[in-house]
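[1] no FASTA, just this:
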């Protein structure tokens, strides 16, 4: 469960398949696949990286600015703030844009939630 969300169908956990990953490995799955992990008790963060391809007419409905990288074609809708190409590693303007979009994404993900994580606190 994330942010108080629950799966609205019966799930037979007896049919679940464990996919145990070694450090440095990753899993790829469809966005509608029911998946989860046990709590991370290590001293290292668990990192998730999501890539979603959407047409440019799609828009964020939370009323909070969202960003995207145009990977093909032309954006005639302007529904997303287009992510800049950094001029060099850790270019200050790119780092600032990234920080702004992380905050925006957190507001989108936790919209309507009672509380949200504080990413400035170690272990939060």
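    Arrived safely, thanks for sending. Model, not experiment: these values are computed from the prediction. Numbers count the residues shown, from 1 in each chain.
[2] how about the one helix or strand residue 99 maps to: buried residues?
    Per DSSP states H and E, residue 99 falls inside helix 92-109. Within helix 92-109, the residues that count as buried by 16 or more other C-beta atoms under 10 Å are 94, 97, 101, 104, 108. Every C-beta, even on glycine, is put in place using the N, C-alpha and C of the backbone.
[3] how far away from the center of its chain is it?
    With C-alpha atoms, centre = their mean, to the nearest Å as the basis, helix 92-109 stands 12 Å off its chain's centre.
[4] quick one: mean pLDDT over that helix.
    Helix 92-109 comes out with an average pLDDT of 91.
[5] repeat that for stretch 68-76.
    Here the average pLDDT along stretch 68-76 is 93.
[6] start to end distance for it?
    This stretch, stretch 68-76, spans 14 Å end to end (C-alpha to C-alpha, to the nearest Å).
[7] stretch 46-55 too?
    End to end - C-alpha to C-alpha - stretch 46-55 spans 30 Å.
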